[in-house]
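S.K.: Let's see this in three dimensions:
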Amino acid sequence: MKVKREIDPHHRQIQGVLRTVGPMILGVGLLFTAVGFFSFFQAFGSFEPPRYFWCAFIGLPLTGLGVLLSKLGYLGAIARYALGEMAPVQRDTFNVLAEETQPGVETLAHAVGRGFAAGAGTGGFVTADDNQESSACPRCGVGNHASARFCNQCGTSLGSKTCTGCGQSQPVEAQFCDQCGIRLA
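M.R.: Below is the predicted model:
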């Protein structure tokens, strides 16, 4: 059986005090406020100043303090009630959204998967520049951008080779010079 641990061991005592003292102060505050305002409105018919209007100045702060203490005493119960009312609605809303968006999410996931599969030769990423013609690296075979000068996988130069025999420029993938036939390094 799981034992529920509370942060403050005196929490229940404090909660009980707040639930008792809060409503008592609220009641006294409401009583003082009622006496003060009753005295104030009773003085309208005569030229005599309100005798107990000062009670309203004591009653209003006491009423506010009583409301605050009562709220603190019952805050956990109020929060649990609100959560009990909101949680089923939130769960149902989430489930409906999940069911309704499932086809769209699956379509998006397949599109992302196809994008990664298409870009696997270039490190796994497909960019707008990948629509350009690409050249394969002569050393590792990975596709690179047409404008790339070095392989993005192994660093091999993707430019042209120069024949050591005749000095002619040769494609990087050439094994032999097309002018003199010497084997290219």
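S.K.: mind listing what the closest residue to G66 other than its chain neighbours touches?
M.R.: Using Cβ to Cβ, 6 or more residues apart in numbering and skipping residues adjacent in sequence, the residue nearest G66 is L26, 2.7 Å away. (Glycine included, C-beta is placed from N, CA and C.) Neighbouring residues of L26 by Cβ atoms under 8 Å, 6 or more residues apart in numbering: 62-63, 66-67, 69-70.
S.K.: in which helix or strand would I find L26?
M.R.: Assigned by DSSP states H and E, L26 belongs to helix 11-42.
S.K.: average pLDDT for the helix or strand following that helix?
M.R.: Following helix 11-42 in sequence order, the next helix or strand is helix 54-118 (DSSP H and E). On average, the pLDDT along helix 54-118 is 90.
S.K.: thinking again about what came up before, distance of the residue nearest to G66 relative to Q13?
M.R.: From L26 across to Q13, the span is 20 Å (Cβ to Cβ, to the nearest Å).
S.K.: Would you quantify the distance from the spatially most central residue of the chain to A82?
M.R.: The residue lying closest to the centre of the chain (Cα atoms, centre = their mean) is F94, at 15.9 Å. From F94 over to A82 the distance is 18 Å, taken as Cβ to Cβ.
S.K.: Please pick the buried ones from the contacts of L26.
M.R.: The neighbour-count test (16 or more other Cβ atoms under 10 Å) marks 62-63, 66-67, 69-70 as buried among the contacts of L26.
S.K.: For those residues, could you give me a markdown table that also reports distance to V105?
M.R.: Formatted as a markdown table, the buried ones among the contacts of L26 follow (distance: Cβ to Cβ, whole Å):
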| residue | distance to V105 |
| --- | --- |
| L62 | 57 |
| T63 | 53 |
| G66 | 52 |
| V67 | 47 |
| L69 | 49 |
| S70 | 47 |
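S.K.: Which of those residues lies at the shortest distance from F32?
M.R.: L62 (6.2 Å; Cβ to Cβ).
S.K.: Please tell me how far that closest one sits from T20.
M.R.: For L62 relative to T20 (Cβ to Cβ), the value is 16 Å.
S.K.: Just list the residues touching G159, thanks.
M.R.: 149, 172.
S.K.: and it, what are its phi and psi?
M.R.: Here is the backbone geometry of G159 (degrees, to the nearest 10): phi -80, psi -170.
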